[in-house]
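[1] have a look at this prediction, sequence included:
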Protein chains: 2
Amino acid sequence: MTDNDLTAIYRAYLACLNDRRWDDLGKYVSDDVVRNGERLGLSGYRAMLEADTHATPDLHFDADIVIADGQTVGCRLMFTCTPQHTFLGLEPSGERITFAEHVFYRFENRRIAEVWSVIDKEAIRAQFQEQGS
Amino acid sequence: MTDNDLTAIYRAYLACLNDRRWDDLGKYVSDDVVRNGERLGLSGYRAMLEADTHATPDLHFDADIVIADGQTVGCRLMFTCTPQHTFLGLEPSGERITFAEHVFYRFENRRIAEVWSVIDKEAIRAQFQEQGS
């Protein structure tokens, strides 16, 4: 599989998230997926995504940078959204926020087996506080 | 230049940081470097690194994942260090902390021209607070 094939699969995964096609998630995510050292499994991973999109119904995964090398994908995701409920442990102000997530994925057999994610929660916190003040 | 060449240059850049060879920084970083949308230039970039390593003399850049694709490098950096002074705007507890930085670099003519970085400041904040309580 070339790097181009892998980025194509990854972009199809993002489209799956943006379309909320949760029943298709298993095409892209391994049954035993591990995220930031925690073995969520497919069901836990789906539950996390469903909670995030419940908190922020307009959450859209927008790939700003996508690179692939071997079996690894790296992506800078940008989000502009309006959280309605507690989001990533923070209380929303009801206003629009913008933040980045930088994430690396290790693929196995064309599916995501491991995820390392850093979300710019500091930026989210700052925007909530600024809007709340 | 192959992806392997680019990762080799990137690893040489990290060695330069770890050795504090600030006078060599211009071999790896463009004169007009932009970081998270801010045009720091080489001198501003160097000043940022010198401030970070002043605050945390034992700061060591440890590449956990490095990938390259075209002119872009992505890296998961891990840090284990003991900040002595205000670090990334946070007040240290004097104890050891561990955190990640996920960063993407666009190279031009073998030098870093643009940087997008997300540091897990939430993890740093949590460790300082836990240690301070």
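    Ah, there it is. Just so you know, these numbers come straight off a predicted model, no measurement behind them.
[2] contact residues of chain A facing chain B?
    Taking C-beta under 8 Å from any C-beta of the partner chain as the criterion, the neighbours of chain B within chain A are A:3, A:64-65, A:67-70, A:72, A:74, A:76, A:100-104, A:116-122. The C-beta positions use only the backbone N, C-alpha and C, and glycine is treated the same way.
[3] list buried members of the residues you listed by neighbour count.
    Buried members of the residues of chain A next to chain B, counted by 16 or more other C-beta atoms under 10 Å in any protein chain shown: A:3, A:65, A:67-69, A:72, A:74, A:76, A:100-104, A:116-122.
[4] next, the contact list for the residue positioned nearest the centre of chain A, please.
    Closest residue to the average C-alpha location of chain A: A:F61 at 6.8 Å, with C-alpha atoms, centre = their mean. Contact analysis of A:F61 by C-beta atoms under 8 Å, 6 or more residues apart in numbering or on different chains lists A:L14, A:L17, A:N18, A:L77, A:F79.
[5] and the longest strand seen in chain A, which strands flank it?
    Using DSSP state E, we find that the single longest strand of chain A is strand A:97-108. Strand A:97-108 has its sheet partners listed here by DSSP bridges as strand A:72-81 (antiparallel), strand A:111-119 (antiparallel).
[6] could you export that strand as CSV, CA atoms only?
    The C-alpha atoms that make up strand A:97-108 are tabulated as CSV, following Å, rounded to 0.1, in the frame of the first residue of the first chain:
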residue,chain,number,x,y,z
ILE,A,97,-14.7,28.2,19.1
THR,A,98,-11.8,27.2,16.9
PHE,A,99,-9.1,24.8,18.0
ALA,A,100,-6.6,22.2,16.6
GLU,A,101,-5.9,18.5,17.2
HIS,A,102,-2.6,17.0,16.2
VAL,A,103,-2.9,13.3,15.9
PHE,A,104,-0.8,10.3,14.8
TYR,A,105,-2.3,6.9,13.8
ARG,A,106,-0.7,3.5,13.3
PHE,A,107,-2.5,1.4,10.8
GLU,A,108,-2.6,-2.4,10.7
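[7] and it, average pLDDT?
    The average pLDDT within strand A:97-108 is 97.
[8] A:Y10: which of the strands paired with strand A:97-108 is closest?
    When the strands paired with strand A:97-108 are compared by C-beta to C-beta, strand A:72-81 sits nearest A:Y10, at 4.9 Å.
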